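Visitor: after the sequence you'll find the predicted model.
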Amino acid sequence: MPEYTPFEMIAFTGSRVLEDEKIVFVGTGLPIIASMHAQMTHAPNLAMIFESGPLSPILEMGMPLSVGDTRACRKACYLKGLAAVFELTQRGYSDYAFIGGAQIDMYGNVCSTFEGGTYNEPLTRFPGSGGAGAMAANCEKSIIIMALEKRRFVDKVEFLTSIGFGDGSADYREKAGVMGEGPYRVITNQALFGFDKKTRRMVLLEVIPGKTAQDIKDLVSFDLLVSPDLKEMAEPTDEDLRLLREECDPDGYFLNRKVK
Amino acid sequence: MMKKKISSKIKKVSNLKYDAALAEEPFEWWGPTPDEARKVMSAKPKGMHDKRKTLKEAVGKFVKDGINIGIGGFVNTRVPVAIIHEIIRHGAQNLTLSFQSNSICAELLAGAMIVDPDRISIKRVELAWWGYEVIGIAPLLRYLTSRGMIRLDDYTNYGMTARFKAAAMGIPFVPTRDHGGSDMELVNRGQMVQCPFSGKNIYVVPACHPDVAIIHVTAADMYGNCRIFGAHCTCPEITMAAANSIVTTEKIIPNENIRTYPNLTEIPYAAVDALVEQPFGAYPGASYGFHWFDMEHILMFRSICDNFRKTGNKDGLKKYYDEYIFGCETFDDFLGKLPYSTLRKLRDMDGGQPVILS
């Protein structure tokens, strides 16, 4: 198999998770790359929606560097503002929320607000919800990208920014007044997770070749369920890597983290 | 009145450490109340008048201590940087800022507060997001919050948009399908209610009427009829929510053009109080159809801010403000310090996004 970076694996896996004929509400970076790759391969009729306003643009000017980038508007089919795209989402037009975060718990609740200290005087304040909280609430299914580390896969998130299944109770989301089904997949470079239908707890679906379920459990703070049908993660082919490197993110902004 | 009578099951899962007394304090408007905002609007002359002013005149007239400033644009797009520069030169204390997602505008005001707190101070911010996306986190947000120097009130991007939209619709609150079941329900100024029709829980957020909206648009006529190309962000809603508005525009176009295609008007003249033709008014942010954002300038400013955050040494920040803001009379003076090659490159990188000026 060809060599690839952790970010390339995440983008490739994100692409695999997306189905054709859907609308994906994308966050900045890897979600855009994954969606572009999916469009170029198995999901030609997948459309992207960006929170600043555009629906279904053609990203012919290169990858937008943020969801507010003017390039994200290129040749869109519908272009208004935040109200329009989030209201489409509340109405049920957005199938996938594709977001990231700093911490996640076993019920798919995500923190992207702060770490350490208190809400009023946080040690490390993050940018905040942005669109993520609204996307996780109202897209039909949430796909969450995380780094696979114990300090990120936590028992309890410090600030519940983007709603998952809450405390795991069957009516948590209904009582919260949100619309979507909730967490669907969690993507890391070494493992792909889903959620158990009955308990709504995170379940390991796939591991990268060479690793075991126990290796992944060791990187997670909570008690991780393992699918009885555990699979190996598919790896990107040479052609997938060419698409990612040359077509999706040729400047390496996200796959190589050039800016930082 | 206790704020949170009905709630989701958030308390069963939340691990949040926060000041509960602050979160439960009785609701207050952080700017004009809906009634006050209505009165301001009713009292305004509604005739079509030439709204053109200099930035100095506009900011001098509308920006005062203690006001709520609604900031338009989104992250790096059509951000009203020229107006921010003038506000910093003018000075204003105890500001409330309201926006969804912003980068350079919020950081410029935060930096001004650090450089000269007697000139600019931010008391609190109602927001969804403050950062630089691909370029990184916002160092001054982190600095101010970790010291408890500003109060934040967190919503989602839709939440802030819905709040401006409610204000623009002339209603005091709006139901949204988000915030509920998240820790924002515990700390922000919205609240869970029972829907009178379905009987189900639904989260309502209060209208947000800024005292002054600051907005950069693609084109406008001299009366303030504005066109916006590219993403609208929440600019029309913020402008129409605000008691007063200051708008910069890439270009002033004839009223005849506006009247030929009235469907293209996104902000009507009656919602604009001061209009300034300011090409590159969003620089170093982007303006669709005119120029892309200047990654290098933003990186430079951000690294100065991050250096201050890490060392506490203000020299770099002071130098930036002295050179680019205090050392300039106008925004054109600031733009004049940039090499032509930079502006040329940014114009090319826009890629000729199509706008209609005719």
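Guide: Okay, I see it.

Visitor: list the contacts of A:L55.
Guide: A:I23, A:A47, A:M48, A:I49, A:A76, A:C77, A:Y78, A:L79, A:V85, A:L88 (C-beta atoms under 8 Å, 6 or more residues apart in numbering or on different chains). To be clear about C-beta, it is placed using only N, CA and C from the backbone, and glycine gets the same treatment.

Visitor: let me know how buried the fifth one is, in neighbour terms.
Guide: Think A:A76. For A:A76, the neighbour count with other C-beta atoms under 10 Å in any protein chain shown is 21.

Visitor: I'd say it and A:S52 touch.
Guide: No: contact criterion C-beta atoms under 8 Å: A:A76 and A:S52 do not qualify, at 10.6 Å.

Visitor: so where's chain B uncertain?
Guide: B:1-4 (pLDDT under 70).

Visitor: how is it carved up into domains?
Guide: B:1-30+B:173-206, B:48-165+B:208-350 (automatic domain parsing).

Visitor: turn these into TSV, including distance to A:F195 and mean neighbour count.
Guide: Shown next, in TSV, are these (distance: least, C-beta to C-beta, whole Å; neighbours: other C-beta atoms under 10 Å in any protein chain shown):
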stretch	distance to A:F195	mean neighbour count
domain B:1-30+B:173-206	15	18
domain B:48-165+B:208-350	22	22
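
Visitor: and those: which comes nearest A:D196?
Guide: A:D196 lies closest to domain B:1-30+B:173-206 among those, at 17.2 Å (C-beta to C-beta).

Visitor: what segments of the chain are strands?
Guide: Answering for chain A, as no chain was given. Shown for chain A, the strands assigned by DSSP state E span residues A:23-26, A:47-49, A:54-55, A:78-79, A:96-100, A:103-104, A:110-111, A:114-117, A:122-125, A:141-145, A:182-187, A:191-195, A:202-207, A:225-232.

Visitor: could you do chain B instead?
Guide: So, for chain B - with DSSP E - the strands run B:68-71, B:92-98, B:101-102, B:120-127, B:129-130, B:151-154, B:173-176, B:191-194, B:201-206, B:212-220, B:226-227, B:244-252, B:274-277.

Visitor: list the contacts for the residue in the stretch 101-250 of chain A that chain B sits nearest to?
Guide: Nearest to chain B in the stretch 101-250 of chain A, going by C-beta to the nearest C-beta, is A:A176, at a distance of 2.6 Å. Taking C-beta under 8 Å, 6+ apart as the criterion, A:A176 is in contact with A:A137, A:I163, A:G166, B:S8, B:K9, B:I10, B:G180, B:G181, B:S182, B:E185, B:N201, B:Y203.

Visitor: what's the distance between it and A:Y107?
Guide: 12 Å (C-beta to C-beta, to the nearest Å).

Visitor: just give the nearest non-adjacent residue to the residue sitting nearest the centre point of chain A, would you?
Guide: Nearest to the geometric centre of chain A sits A:I144, at 3.1 Å (C-alpha atoms, centre = their mean). Residue nearest to A:I144 in three dimensions, not counting chain neighbours: A:V186, with 4.9 Å by C-beta to C-beta, 6 or more residues apart in numbering or on different chains.

Visitor: ok so, going back, so which of the strands of chain A gets nearest A:A213?
Guide: strand A:225-232 (4.7 Å).

Visitor: residues contacting that closest one, please?
Guide: A:194, A:196, A:199, A:201-209, A:213, A:217.

Visitor: confidence score at the closest residue to A:E149 other than its chain neighbours?
Guide: The shortest distance from A:E149 to any non-neighbouring residue, by C-beta to C-beta, 6+ apart, is to A:L219 (6.4 Å). Listed pLDDT for A:L219 reads 98.

Visitor: thought A:L219 was touching A:F153?
Guide: Yes: look at A:L219 against A:F153 with C-beta under 8 Å: they come within range, at 6.8 Å.

Visitor: neighbour count winner among the two?
Guide: A:F153 (25 against 18).

Visitor: and the residue lying closest to that one once chain neighbours are set aside, what does it touch?
Guide: Leaving aside its chain neighbours, A:F153 sits nearest to A:V220 (4.1 Å; criterion: C-beta to C-beta, 6+ apart). With contact set as C-beta under 8 Å, 6+ apart, A:V220 has these partners: A:L148, A:K150, A:F153.

Visitor: dump these into a markdown table; add pLDDT as well.
Guide: Shown next, in a markdown table, are the contacts of A:V220 (pLDDT from 0 to 100):
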| residue | pLDDT |
| --- | --- |
| A:L148 | 96 |
| A:K150 | 97 |
| A:F153 | 98 |
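
Visitor: restricted to helices, list the residues you listed.
Guide: Using DSSP state H, no member of the contacts of A:V220 falls within helices.

Visitor: redo these as TSV? Include distance to B:I84.
Guide: TSV is the format used below for the contacts of A:V220 (distance: C-beta to C-beta, whole Å):
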residue	distance to B:I84
A:L148	40
A:K150	41
A:F153	40
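
Visitor: next one: phi and psi at the closest residue to chain A within the stretch 51-200 of chain B?
Guide: Distances between the stretch 51-200 of chain B and chain A by C-beta to the nearest C-beta are smallest at B:G181, namely 2.6 Å. With angles defined as degrees, to the nearest 10, B:G181 sits at phi 80, psi 0.

Visitor: so who does it touch?
Guide: Counted by C-beta under 8 Å, 6+ apart, B:G181 has contacts A:137, A:160, A:163, A:166, A:172-173, A:175-178, B:8-10.

Visitor: and the gap between it and B:L108?
Guide: 35 Å.

Visitor: ditto for A:D215
Guide: For A:D215, the distance to B:L108 - C-beta to C-beta - is 46 Å.

Visitor: flag every residue of the stretch 201-350 of chain B that's near chain A.
Guide: B:201-203, B:230-237, B:286-288, B:292-293, B:295, B:299, B:350 (C-beta under 8 Å from any C-beta of the partner chain).
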